[in-house]
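Chemist: structure for the following, please:
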Amino acid sequence: MGPCFRRLFNWSASVQAPTGRLLTLSFHHPDAQRARRWYWKAGVELFTHAVPPPGIVLETVDLGRCAVHRLVGPHEGIAQAYRRLFQHWLPVSGEALARRACAEWYRNTPAEVPAGHLITDLCVPLGEPRAG
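Modeler: Numbering: from 1, shown residues only. Sure, this is the predicted structure:
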């Protein structure tokens, strides 16, 4: 994801667009072959009317209703935190997973704080709660 974020920041700086929070969107293809089951988009909040270069798109991100888990610590813990959410929390929560992207909001970066103080909000998309 690093090269993607660098490209976003280089472009935003070239058009003098101030940036905000960083995020990634995770998309799951349950029918895809194992090697291509997930894909990601890197994003940054910004406000501009400039036309982006090929490979960068301007989108509005509407996450809808989500369960949010705040992870404090290294980004390497994200996969394990998602496993806990999907395998342990979701089945007993009474909630239903929606067919939208998961999102990670990076509240700070390794350039700002030590790895143990990184804060990442993991957002799991929810649909209507299950009956019962």
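
Chemist: buried residues, the helix or strand containing residue 78. List them.
Modeler: For residue 78, the host element (DSSP states H and E) is helix 78-84. Residues 78, 81, 82 are the ones in helix 78-84 that count as buried (16 or more other C-beta atoms under 10 Å). Every residue, glycine included, has its C-beta placed from N, CA and C.

Chemist: so the last one sits right up against residue 104, yeah?
Modeler: No - counting by C-beta atoms under 8 Å, residue 82 does not reach residue 104; the two are 9.2 Å apart.

Chemist: contacting residues for the nearest residue to residue 59 once chain neighbours are set aside?
Modeler: What sits nearest to residue 59 in space, not counting adjacent residues and going by C-beta to C-beta, 6 or more residues apart in numbering, is residue 43, at 7.7 Å. Residues near residue 43 by C-beta atoms under 8 Å, 6 or more residues apart in numbering: 8, 22, 23, 24, 25, 59, 61.

Chemist: phi first, then psi, for the fifth one.
Modeler: Main-chain torsions, residue 25, degrees, to the nearest 10: phi -110, psi 130.

Chemist: that one: neighbour count?
Modeler: 18 (other C-beta atoms under 10 Å).

Chemist: likewise for the first one?
Modeler: When counting by other C-beta under 10 Å, one arrives at 19 neighbours for residue 8.

Chemist: and the helix or strand encompassing it, what's buried?
Modeler: Element membership of residue 8, judged by DSSP H and E, is helix 2-14. Neighbour-count burial for helix 2-14, counted by 16+ other C-beta under 10 Å, picks out 4, 5, 8, 11, 12.

Chemist: determine which two of those residues are furthest apart.
Modeler: Among these, the pair separated by the greatest distance (C-beta to C-beta) is 4 and 12, at 12.7 Å.

Chemist: re the thing from before, quick one: pLDDT of the residue nearest to residue 59?
Modeler: Looking at residue 43, its pLDDT reads 92.

Chemist: what's the distance between residue 20 and residue 43?
Modeler: Applying C-beta to C-beta, to the nearest Å, the value for residue 20 to residue 43 is 10 Å.

Chemist: what is in contact with residue 82 and residue 104 at once?
Modeler: Residues within reach of residue 82 and of residue 104 at once, by C-beta under 8 Å, 6+ apart, are residue 122.
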